[in-house]
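# Have a look at this fold, sequence not included:
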């Protein structure tokens, strides 16, 4: 059974030969554990695709999450200067912006123009906001360096947007499950205004927030459907800020549920790809709302002290309607723990959540840049050793 078959069958609650292993690695982990120039992992779809496949193979993962979009193909032509400063690479661009590129973390882009305050934003000018674009977040949003109006339909997305997905599909040669990623409307509003202003706006002007989220949901659904035109196996909605540490259940019902439900329904309307959600922190009081949204599965499921998910209880209550992925503590077990601790926790998770298929062994959130590769390898060993149970 290939990794693709193993993950796909597990997502559909079908019998598998063993529990699949499929983690999201932080970008910094790729930077530290491959020989590529670190900033090229961020800017080059080919380099990032090589990194994804290389480490998936090294760690015996069954799946790959492609969590960076394609890049404007002439991005190098916009470079004015590259320098090393304070242990980081700094790239200066021809629009006077610059990017600070750590050797072990995401690139941070700094623009000369400022983002608008909430009152200045016209919802009708919004469609989709990509936090990981090479030129950062702008308003009105556009991809890359060329400021231009693009219609609010699939033409909004440049022809290179799927380049990273296509490169991974080609390089994986059909072995790995491949999930694409889109950002939820709620994440986009948080990134556009900043966490403090966005959260205040939910209280001060909830009606306008709803109008903004409605427009962003249209673009999010359009991108999901566009991704489904290439040979991916599932779509992940990154909705990191929708957990209990940020918003209440009532705010989730008002500002998250309707818009994510719309995206899920739009994708399910045109294809049978599973769609699942990544939400950090405490989600125990809103898993039922994720079911209501129509999700096929949930990712992350942070355990205490990072969150409040008891995966054994979630499996009993929702295991027939959701596939589950995650729940291994990425900090206290994977990063700070020993190989034995990782192995033992992985075996426990397989016992309490892996029965009747529908569970994918993974850390809750992404694996830290400095996590020991030998710890990561324990996940595959735990999966193999659990076959006889």
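Okay, I see it. These figures come from a predicted structure and were not determined experimentally.
# how about stretch 71-81: buried residues?
71, 72, 75, 78 (16 or more other CB atoms under 10 Å). Bear in mind the C-beta positions are built from the backbone N, C-alpha and C, glycine included.
# Serialize the residues you listed to JSON lines and add fields for secondary structure, pLDDT and distance to residue 149.
Below are the buried residues of stretch 71-81 laid out as JSON lines (DSSP: H, G, I helix; E, B strand; the rest coil; pLDDT from 0 to 100; distance: CB to CB, whole Å):
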{"residue": "71", "secondary structure": "coil", "pLDDT": "98", "distance to residue 149": "21"}
{"residue": "72", "secondary structure": "coil", "pLDDT": "96", "distance to residue 149": "17"}
{"residue": "75", "secondary structure": "helix", "pLDDT": "97", "distance to residue 149": "21"}
{"residue": "78", "secondary structure": "helix", "pLDDT": "98", "distance to residue 149": "20"}
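# ok, these vs residue 174, which is closest?
residue 71 (24.8 Å; CB to CB).
# what are the phi and psi angles of residue 21?
phi -120, psi 120 (degrees, to the nearest 10).
# doesn't residue 62 make contact with it?
Yes - look at residue 21 against residue 62 with CB atoms under 8 Å: they come within range, at 5.6 Å.
# got any residues that touch both of these two?
Shared contacts of residue 21 and residue 62 (CB atoms under 8 Å, 6 or more residues apart in numbering): residue 360.
# From residue 220, how far off is residue 242?
14 Å (CB to CB, to the nearest Å).
# and the residue nearest the centre of the chain, what does it touch?
The chain has residue 238 as the residue nearest its centroid, 4.6 Å off, counting by CA atoms, centre = their mean. Counting by CB under 8 Å, 6+ apart, residue 238 makes contact with 67, 181, 182, 183, 184, 187, 278.
# Just the closest of the residues you listed to residue 145, please.
residue 183 (20.9 Å).
# residue boundaries of the helices in the stretch 251-389 of the chain?
257-270, 287-292, 311-318, 339-353, 373-385 (DSSP state H, counting those that start in this stretch).
# could I get those as TSV with mean neighbour count and mean pLDDT?
As requested, the helices of the stretch 251-389 of the chain are arranged in TSV below (neighbours: other CB atoms under 10 Å; pLDDT from 0 to 100):
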stretch	mean neighbour count	mean pLDDT
helix 257-270	19	98
helix 287-292	17	99
helix 311-318	17	98
helix 339-353	19	99
helix 373-385	19	99
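# any chance of those in JSON lines, plus distance to residue 149?
Shown next, in JSON lines, are those (distance: least, CB to CB, whole Å):
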{"stretch": "helix 257-270", "distance to residue 149": "24"}
{"stretch": "helix 287-292", "distance to residue 149": "35"}
{"stretch": "helix 311-318", "distance to residue 149": "43"}
{"stretch": "helix 339-353", "distance to residue 149": "48"}
{"stretch": "helix 373-385", "distance to residue 149": "45"}
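# For residue 53, which of these is the nearest?
That would be helix 373-385 among the helices of the stretch 251-389 of the chain, by CB to CB, at 15.7 Å.
# How about residues contacting that closest one?
Here helix 373-385 has contacts from 18-21, 23, 33, 58-61, 328, 334-335, 337-339, 342-343, 346-347, 350, 361-362, 367, using CB under 8 Å, 6+ apart.
# still on that earlier bit, identify whichever of the helices of the stretch 251-389 of the chain lies nearest to residue 96.
Comparing the helices of the stretch 251-389 of the chain by CB to CB, helix 257-270 comes nearest, at 34.8 Å.
# where's the closest one relative to the chain centroid, distance-wise?
When distances are taken as CA atoms, centre = their mean, to the nearest Å, helix 257-270 is centred 17 Å away from the chain's centroid.
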